[in-house]
Structures are given as structure tokens and as C-alpha cells.
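> fold the following, please.
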Amino acid sequence: MFDSGKLNFKILSALIVVGLSPSAGSAQDCPDYSAAATREIEASSQDLYSRQSFNITAGGSYSLEGCLKPDIGRGYVQYGPDLSLYYDDLGLGRALRIQVIGDCDTVLLVNTPDRDYLYVDDVINQNPSMRLEGAGTGRYDIWIGTYRSSVCSSTVELETF
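Next up is the predicted model:
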């Protein structure tokens, strides 16, 4: 026989246990794509056919270690994205390149329109570069981090091919 009183108690108990678990609050210690970006831009595949550059201070106080599952890489970023790119592919199917040139060892974290996190480090000396083949229309949240817990000047370059 079904006892709805016992079922409600079990659900409430489960919610309390989840709410008190040590990992319940850990998400606030990690970067969040839903947080406001420092800078937002709109650009199409055609706009970025000519490379565009943006000066960004790389780094932050949020460690990437243990934040994203599976563990995506090392580095320090700020809570919200440094740059949110609202990208229109115009049906052209071009590759989108995101490249960082920094005054220190930088890392690159990107959250795609599909909510996948991509990470890269040290492609050109100590600078990351990422090429997204057939990048689709949508919002790309971009963090420019540092490998160590410091900050430095950097330039992010966006370009399509």
C-alpha cells in the first residue's frame, strides 16, 4: 500500500541532506557563465573576418581546479566572464579563433552556446589559442585567466576563417 506521508518525509529529508552537504555551496567558488560579463560584444562571422582585439586584465581569484567536472585544467579567473561574445555565424560555417597574447602565462576558458566548457593553455609559448570549427550562432562566454594566482595585461583576438 502507498503511504504518501512517508514519501513526503523521505523527499524532505533528502532535500535537507543535499542542502547541508559540503559541496552544496561550492559552485559559488567557481566561475559562472550566468554572471554578468565585464564586456559584451555582438559580432557576425563577417565582422570577425577582420581580426578584432580587446585589452583584458587576465586572471582572478577563482581557481579552476575542481570546479568543472571532469577537472578541466589549471588557472585563475574572475567569477563572471571577461567577455561575452554574441556571435552570428550568418550560415557561413566559418571557424572562430580565440587567441590570447599576455604579459604572463595565460589560460583560456570558453563556455559555448551549447554550455560546453572548453579550456586551453600554452599553444603559442605561454599563450592559449583555440579554433572552433564551424562555430554556431549564440553566446560565447570567455575568461582570460592566468596559470598562477596573479594578474597581467593581455589582449584577446577574435577572428573567423
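> ok, which stretches of the chain are strands?
Secondary structure of the chain, counting by DSSP state E: strands at 39-44, 52-58, 62-63, 76-77, 83-88, 96-102, 106-111, 117-121, 129-132, 138-146, 152-160.
> can you list these in TSV and add distance to Asp29?
Heads up, the C-betas are built off the backbone N, CA and C, glycines and all. Conversion of the strands of the chain to TSV gives the following (distance: least, CB to CB, whole Å):
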stretch	distance to Asp29
strand 39-44	23
strand 52-58	19
strand 62-63	7
strand 76-77	12
strand 83-88	21
strand 96-102	24
strand 106-111	15
strand 117-121	16
strand 129-132	25
strand 138-146	15
strand 152-160	22
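> now render those as TSV, adding mean neighbour count and distance to Tyr33.
What follows is the strands of the chain, written out as TSV (neighbours: other CB atoms under 10 Å; distance: least, CB to CB, whole Å):
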stretch	mean neighbour count	distance to Tyr33
strand 39-44	14	13
strand 52-58	17	16
strand 62-63	18	13
strand 76-77	24	11
strand 83-88	20	8
strand 96-102	22	15
strand 106-111	25	4
strand 117-121	18	8
strand 129-132	16	16
strand 138-146	24	4
strand 152-160	18	16
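> would JSON lines of the ones you listed with mean pLDDT be doable?
What follows is the strands of the chain, written out as JSON lines (pLDDT from 0 to 100):
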{"stretch": "strand 39-44", "mean pLDDT": "98"}
{"stretch": "strand 52-58", "mean pLDDT": "98"}
{"stretch": "strand 62-63", "mean pLDDT": "94"}
{"stretch": "strand 76-77", "mean pLDDT": "96"}
{"stretch": "strand 83-88", "mean pLDDT": "98"}
{"stretch": "strand 96-102", "mean pLDDT": "98"}
{"stretch": "strand 106-111", "mean pLDDT": "97"}
{"stretch": "strand 117-121", "mean pLDDT": "94"}
{"stretch": "strand 129-132", "mean pLDDT": "98"}
{"stretch": "strand 138-146", "mean pLDDT": "98"}
{"stretch": "strand 152-160", "mean pLDDT": "98"}
